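K.L.:
predicted model and sequence below, questions to follow.
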Amino acid sequence: MTTSPGTPPLPALQDRPAPAAPVDTIAVSAEGLRCSYGSYEAVRGIDLSIRNGEFFALLGTNGAGKTTTMETLEGHRAATSGALSVLGADPYRDKASIRPRLGIMLQEAGFADDLTVEETCRLWLRLSTGDPRGRPREEVIAQGLDVLDLSAKGSTRVKMLSGGQRRRLDLLLATANEPDLLFLDEPTTGLDPESRERTWELVRGLNDAGTTVVLTTHYLEEAESYADRLAIMHDGEIAVDGTLAEVLRREPSTISFEVEASVDVVELTRLGLSPDFVPTPASTQVAVPSLDLQQDLWKVLSWADAHRIRLDRLSASEASLAAVFHRVSVGDAA
Ligand SMILES: Nc1ncnc2c1ncn2[C@@H]1O[C@H](COP(=O)(O)OP(=O)(O)OP(=O)(O)O)[C@@H](O)[C@H]1O
């Protein structure tokens with residue numbers, strides 16, 4: 001091969017940076033996924049598409065079908081019907097081939113109670129193979145013990161650990177292979193704020209390095225803080241999904257303000273605001289629900305400006321994830 005003068009030679013293969021994790025390739029794909037326990041259908045035809053490197057949160061009411069979905073994606077149980085692909089394989093039939101690339105933290109860990117933390121880690125090292133992402137596994141474990149504040153517990157028997165410490169040990173062993181795809185089923189339930197912080201430090205580090213994360217949690221603020229996309233399940237179906245912004249857009253924002261008693265707030269109904277807005281005559285406090293905050297705010301401000309009305313304590317706030325969750329969970333009753 002010849003190079004023209006001034007063209008830098010291509011670096012030798014071994015000097016080139018490793019290719020970045022494939023962008024926009026799919027880690028998890030489910031179409032029409034159904035799962036039953038005998039005659040009871042717990043998951044009723046859900047579609048999921050989770051990209052490599054994405055942080056995805058699966059939220060939902062108690063009994064919505066999150067754990068059943070996770071266990072099916074993890075290959076622990078067979079789907080009743082539907083098409084499912086996890087890391088390009090059938091997670092139930094091709095378990096063995098994808099298992100080394102998965103990290104799984106179940107709701108309950110199955111540790112040997114009489115082993116110490118150190119013995120448990122050594123047992124894990126003996127049972128696992130390969131060094132994740134080129135780092136010695138011993139180093140990954142030691143670093144994880146440190147991040148999760150378990151280094152001083154090496155000689156403590158697992159049965160003597162607190163619930164939160166067991167949970168963190170569980171997380172460590174679920175992630176020590178630095179998995180390509182990590183399933184976390186309510187990883188922070190029962191953890192104190194400091195332990196939750198450490199848990200997220202470890203998980204965020206993995207996600208930043210390319211690990212796809214699928215999380216179930218009842219702490220909505222965790223999904224708000226960390227998830228690229230989320231889905232809310234109810235009664236075996238996905239009721240809402242998308243980015244946080246997309247999900248929040250489904251619930252009305254609120255424009256609220258106070259006016260003097262002489263102002264006729266009923267006039268606001270002529271501005272073409274939401275039909276759900278029904279002002280109380282003679283009220284001085286106004287709350288306008290809005291599905292187009294920018295447009296409606298402009299209408300309210302123009303009205304106030306044209307009539308020289310002062311809006312006190314004016315605020316415009318978008319809906320919360322809690323409000324969307326509430327709407328989903330009472331949806332069929334509403
Ligand atoms: N082994 C089982 N046999 C029969 N029904 C089951 C079994 N496991 C779960 N179910 C039922 O399936 C439905 C979904 O349960 P699942 O555990 O998937 O819900 P979840 O969303 O994870 O709930 P939670 O938030 O309470 O953990 C529930 O109605 C539950 O009672």
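P.N.:
Nice, I can see it.
K.L.:
wait, doesn't Ile178 sit right on Asn207?
P.N.:
In this structure residue 178 is Glu, not Ile. No: between Glu178 and Asn207 there is no contact under CB atoms under 8 Å: 11.3 Å. From N, CA and C alone the C-beta is placed, and that goes for glycine too.
K.L.:
neighbour count winner among those two?
P.N.:
The neighbour comparison of Glu178 against Asn207 (other CB atoms under 10 Å) goes to Glu178, with 21 against 18.
K.L.:
quick check, pLDDT for the more buried one.
P.N.:
Confidence at Glu178, expressed as pLDDT, is 87.
K.L.:
please apply the same query to Ala57.
P.N.:
So Ala57 comes in at 97 (pLDDT).
K.L.:
that's a helix at it, yeah?
P.N.:
No: according to DSSP: H, G, I helix; E, B strand; the rest coil, Ala57 belongs to no helix; its state is strand.
K.L.:
which residues does it contact?
P.N.:
Taking CB atoms under 8 Å, 6 or more residues apart in numbering as the criterion, Ala57 is in contact with Leu215, Thr216, Thr217, Glu222, Ala223, Tyr226, Ala227, Arg229, Leu230, Ala231.
K.L.:
just the buried residues from these, in PyMOL please.
P.N.:
Only the buried entries of the contacts of Ala57 go into this PyMOL selection, using 16 or more other CB atoms under 10 Å:
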select buried, resi 215+216+217+222+223+226+227+229+230+231
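K.L.:
which of the contacts of Ala57 lies closest to the ligand?
P.N.:
Comparing the contacts of Ala57 against the ligand with CB to the nearest ligand atom places Thr216 closest, at 6.6 Å.
K.L.:
tell me who's in contact with the closest one.
P.N.:
Counting by CB under 8 Å, 6+ apart, Thr216 makes contact with Ala57, Leu58, Leu59, Gly60, Lys66, Thr67, Met70, Leu184, Asp185, Glu186.
K.L.:
repeat that with 7 Å
P.N.:
Thr216 is in contact with Leu58, Lys66, Thr67, Met70, Asp185, Glu186, counting by CB atoms under 7 Å, 6 or more residues apart in numbering.
K.L.:
look at Ser85 and tell me its secondary structure.
P.N.:
Following three-state DSSP, Ser85 is assigned to strand.
K.L.:
return the residues in contact with it.
P.N.:
Ser29.
K.L.:
circling back: mind checking which of the contacts of Ala57 land in helices?
P.N.:
Residues from these lying in helices, with DSSP state H as the criterion: Glu222, Ala223, Tyr226.
K.L.:
related to what we said a few turns ago, any chance of the contacts of Ala57 in CSV, with pLDDT too?
P.N.:
CSV is the format used below for the contacts of Ala57 (pLDDT from 0 to 100):
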residue, pLDDT
Leu215, 97
Thr216, 96
Thr217, 94
Glu222, 94
Ala223, 95
Tyr226, 95
Ala227, 96
Arg229, 97
Leu230, 97
Ala231, 97
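K.L.:
quick one: the strands in the stretch 201-334 of the chain?
P.N.:
All strands of the stretch 201-334 of the chain, identified by DSSP state E, counting those that start in this stretch, fall at 212-216, 229-234, 237-242, 253-258, 285-290, 312-317.
K.L.:
and the second one, what does it pack against?
P.N.:
The reference is to strand 229-234. Secondary-structure packing of strand 229-234 (3 or more CB pairs under 7 Å, 6 or more residues apart in numbering; DSSP states H and E): strand 55-60, strand 237-242, helix 321-330.
K.L.:
hey, what's Glu41 bridged with?
P.N.:
Bridge pairing for Glu41 (DSSP bridges) gives the partners Ser36.
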